[in-house]
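In: any chance you can model this:
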Amino acid sequence: MGFLFWYSAVSRLSWGLGVDATFVVAMVAGVALAFLTWYAYGQYFARRAGVEQVAAMQWDALSWALLGVYPLAFALPVNVITPSRASFAAIGLWALTKLLIAARVVPTVRDVLLTFTATRVAIIVIAELAAAMIGQRPGQHVAASSNPLLAVWGRWDAVHYLDIARRGYYGTDMAFFPLYPALIHVVGGWIGNQVVAGLLISNAALFFGLLFFYKLVEHQYTRAVAHRAIFYISIFPTAFFFSAIYTESLFFALTVASFYYIREHKWLAAGILGGLAALTRVEGVLLFVPYAIEACAPAGIGSWKELLAGRARALRVVAGALCIPLGLAVYMTLLWIMRGDPLYFSHVQAHWNRHLAPPWVSVWHSVKLAVTSHVPTTVAGQLLELGFTALMIGVLLAGFRRLRPSFTAYMALSIAVPMSTSSLMSMPRFALVLFPMFVILALWGGKAWVNNAIVAFSLPLLGLFTVLFADWYWVA
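Out: Numbers count the residues shown, from 1 in each chain. Have a look, this model is predicted:
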């Protein structure tokens, strides 16, 4: 760590110190920070895993030893590995080792990691084989990467996110919110590859999203229900988007984490995560509604009079609530500066034939296209969009009594908002992040025949949709 600090200081910062003095300061700081972090993490891990702190620190020592990969990389030629990539590799090994140790000791992490690994490996193999063995859709397509193994995950909207990360906003790209491409820009600049950065961000976000989802459902119901919930969402027909360069995984992780902290009554953390979700996709601002419902519930603050009686708690609740719309306000301010129109992200949707309209307009539009069109792909696409829309509404109506009011309100709004754009385009993808739906399915899945039906429905469509996406066919 000291070597990393020193190299970063002499190569990127101007501290006004000599190289030798900087080296001494950095090495002392590296040793001190490494020891303090090791000790603090040992305390945290011991508390969460139920082991002695000494044992936790002994397990964790291996991850710190792997940071030695970074200075060793300086002995290799630059064309083999650059210092920035060496630092990324060292930190990646450090984090991965911590994860594997946690999975060995903590059942929750182990369950999530097994589900994540089994589903992601299968999806990646299917996508890569489809791209290599099946011809792409006729026409000219943008290559996200010169490496065909990476280019598979840069289809359709991924091109926009990569363009924003590389050169900033331009034209219709302003329909896409900034947090995800900003992260790609930062991580891509660190490792020197924007596509790899997008894939790492998406898959890391998915893992932590599944972890928060597991804990959220487990606290509300049981471990068995939680395990079914993360499995069902991982094999949903459009779950390949979680591993592509799309916002689905990041948005899912932020919304579920925000809900988790709402249920834990950690209002400020919930609000900050909700604000980041609103900076990822406009639907993130909907988290304000479940936040308000839980804050006003008897188990939350009791009443507004009780809320006002505790000044510190009141400040946390109010500050958290304000953070959620702040994410949207930040992007609106940016658009106001760039375009003079804070709602430009909505107005530019006209490029995709979207505009504000009652929900039934979008349904009628899809039905009309499905009936009158003579193009098979158009008919199939409209039927899929109608089918997944009906699935979301049907699950909500049939199972809302088994959810908390905050879950029901968020699910209803998350269905209504995309339906109010005069088009059902991308509804199968929007269903993917509708996590209350998977809570209901997990509750029903306790019956063997329901579980079998969900798996039998999801897996074949997941394989088909993955192949179509890999070969440049529109899915959602």
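
In: need the contact list for the residue nearest to residue 217 when sequence neighbours are not counted.
Out: Spatial nearest neighbour of residue 217, excluding adjacent residues (CB to CB, 6 or more residues apart in numbering): residue 226 at 4.0 Å. C-betas here are computed from N, CA, C, even on glycine. The contact partners of residue 226, by CB atoms under 8 Å, 6 or more residues apart in numbering, come to 213, 214, 215, 216, 217, 218, 442.

In: what sits closest to the third one if chain neighbours are left out?
Out: Just to be clear, that refers to residue 215. residue 260 is the one closest to residue 215 (CB to CB, 6+ apart), at 6.1 Å.

In: ok, that neighbour touching residue 210?
Out: No: assessed by CB atoms under 8 Å, residue 260 is found out of contact with residue 210, at 12.0 Å.

In: what's the domain layout of the protein?
Out: 2-105, 107-470 (automatic domain parsing).

In: now the ones you listed in TSV, with mean pLDDT and distance to residue 476?
Out: Shown next, in TSV, are the domains of the chain (pLDDT from 0 to 100; distance: least, CB to CB, whole Å):
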stretch	mean pLDDT	distance to residue 476
domain 2-105	84	30
domain 107-470	92	4
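
In: among these, which is the most enclosed?
Out: Of these, the one with the most neighbours on average (mean count of other CB atoms under 10 Å) is domain 107-470, at a mean of 19.

In: got the end-to-end distance for that one?
Out: Using CA to CA, to the nearest Å, the end-to-end distance of domain 107-470 comes out at 34 Å.

In: circling back to that earlier point, quick check: the farthest pair among the contacts of residue 226?
Out: 215 and 442 (13.9 Å; CB to CB).

In: tell me the secondary structure for the residue nearest to residue 215?
Out: helix (DSSP: H, G, I helix; E, B strand; the rest coil).

In: ok, it - contacts?
Out: 212, 215, 216, 270.

In: ok, and the closest non-adjacent residue to the last one?
Out: Excluding the flanking residues, the one nearest residue 270 by CB to CB, 6+ apart is residue 261, at 3.8 Å.

In: so that neighbour sits against residue 255, correct?
Out: No: Residue 261 lies out of contact with residue 255 (CB under 8 Å); the separation is 11.2 Å.

In: still on that earlier bit, ok, the contacts of residue 260 vs residue 363, which is closest?
Out: residue 216 (31.1 Å).

In: quick one: the helices in the stretch 351-476 of the chain?
Out: For the stretch 351-476 of the chain, the helices defined by DSSP state H, counting those that start in this stretch cover 359-372, 376-399, 405-419, 427-430, 435-444, 448-470.

In: what's in contact with the last one?
Out: Counting by CB under 8 Å, 6+ apart, the neighbours of helix 448-470 from elsewhere in the structure are 123, 126-128, 130-131, 134, 152, 155-156, 228, 232, 235-240, 244, 428, 441, 444-445, 474-476.

In: now the third one
Out: Applying CB under 8 Å, 6+ apart, the set of residues contacting helix 405-419 from outside is 259, 262, 282-283, 286-287, 289-291, 293-294, 297, 359, 362-363, 389, 392-393, 396, 400, 403, 424, 426-427, 430, 433-434, 436-437, 439.

In: now that helix against helix 376-399, angle please.
Out: 160 degrees (axes from the mean of the first three to the mean of the last three CA atoms, to 10 degrees).

In: next, the angle from helix 405-419 to helix 435-444.
Out: 120 degrees.

In: send me helix 405-419 as PDB with only the CA atoms.
Out: Extracted C-alpha coordinates of helix 405-419, given in PDB (Å, rounded to 0.1, in the frame of the first residue of the first chain):
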ATOM      1  CA  PRO A 405     -47.600  -1.400   1.700                       C
ATOM      2  CA  SER A 406     -44.200   0.100   0.800                       C
ATOM      3  CA  PHE A 407     -43.300  -2.800  -1.500                       C
ATOM      4  CA  THR A 408     -46.800  -2.700  -3.100                       C
ATOM      5  CA  ALA A 409     -46.700   1.000  -3.700                       C
ATOM      6  CA  TYR A 410     -43.200   0.900  -5.200                       C
ATOM      7  CA  MET A 411     -44.200  -2.100  -7.500                       C
ATOM      8  CA  ALA A 412     -47.400  -0.400  -8.700                       C
ATOM      9  CA  LEU A 413     -45.600   2.900  -9.500                       C
ATOM     10  CA  SER A 414     -42.700   1.100 -11.200                       C
ATOM     11  CA  ILE A 415     -45.200  -0.600 -13.500                       C
ATOM     12  CA  ALA A 416     -47.300   2.600 -14.100                       C
ATOM     13  CA  VAL A 417     -44.400   4.900 -15.000                       C
ATOM     14  CA  PRO A 418     -43.100   3.000 -18.100                       C
ATOM     15  CA  MET A 419     -46.600   2.200 -19.100                       C
END
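
In: in this structure residue 69 contacts residue 90, no?
Out: Yes: using CB under 8 Å, residue 69 makes contact with residue 90 at a distance of 4.4 Å.

In: from the contacts of residue 260, which two are the most distant?
Out: Going by CB to CB, the pair spanning the contacts of residue 260 furthest: 215 and 270, at 13.8 Å.

In: TSV for the contacts of residue 260, including distance to residue 24 and secondary structure?
Out: As requested, the contacts of residue 260 are exported to TSV (distance: CB to CB, whole Å; DSSP: H, G, I helix; E, B strand; the rest coil):
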residue	distance to residue 24	secondary structure
212	42	helix
215	44	helix
216	47	helix
270	43	helix
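
In: what about the nearest residue to residue 182 once chain neighbours are set aside, which helix or strand?
Out: In this structure, residue 182 finds its nearest non-sequential neighbour in residue 165, 7.5 Å apart by CB to CB, 6+ apart. In this structure, residue 165 sits in helix 157-167 according to DSSP states H and E.

In: residues in contact with that helix?
Out: 142, 144, 154, 170, 172-173, 175-176, 178, 180-182, 184-185, 188, 194-195, 197-198, 244-247.

In: for whichever helix or strand comes after it, the distance to its chain's centre please.
Out: Once helix 157-167 ends, the next helix or strand along the chain (criterion: DSSP H and E) is helix 179-191. Distance of helix 179-191 from the chain centroid (CA atoms, centre = their mean, to the nearest Å) equals 14 Å.

In: same check, this time on stretch 169-180
Out: 17 Å.

In: picking up where we left off before, and which of the contacts of residue 226 is nearest to residue 316?
Out: residue 216 (20.2 Å).

In: and the closest residue to residue 422 other than its chain neighbours, its phi and psi?
Out: With sequence-adjacent residues excluded and distances taken as CB to CB, 6+ apart, residue 422 is closest to residue 357, at 4.0 Å. Per-residue torsions, residue 357: phi -160, psi 160 (degrees, to the nearest 10).

In: list the contacts of residue 288.
Out: 274, 321, 324, 325.

In: please apply the same query to residue 218.
Out: Here residue 218 is in contact with 108, 225, 226 (CB under 8 Å, 6+ apart).

In: kindly recompute the last result at 10 Å.
Out: Listed by CB atoms under 10 Å, 6 or more residues apart in numbering, the contact partners of residue 218 are 108, 111, 224, 225, 226, 227, 229.
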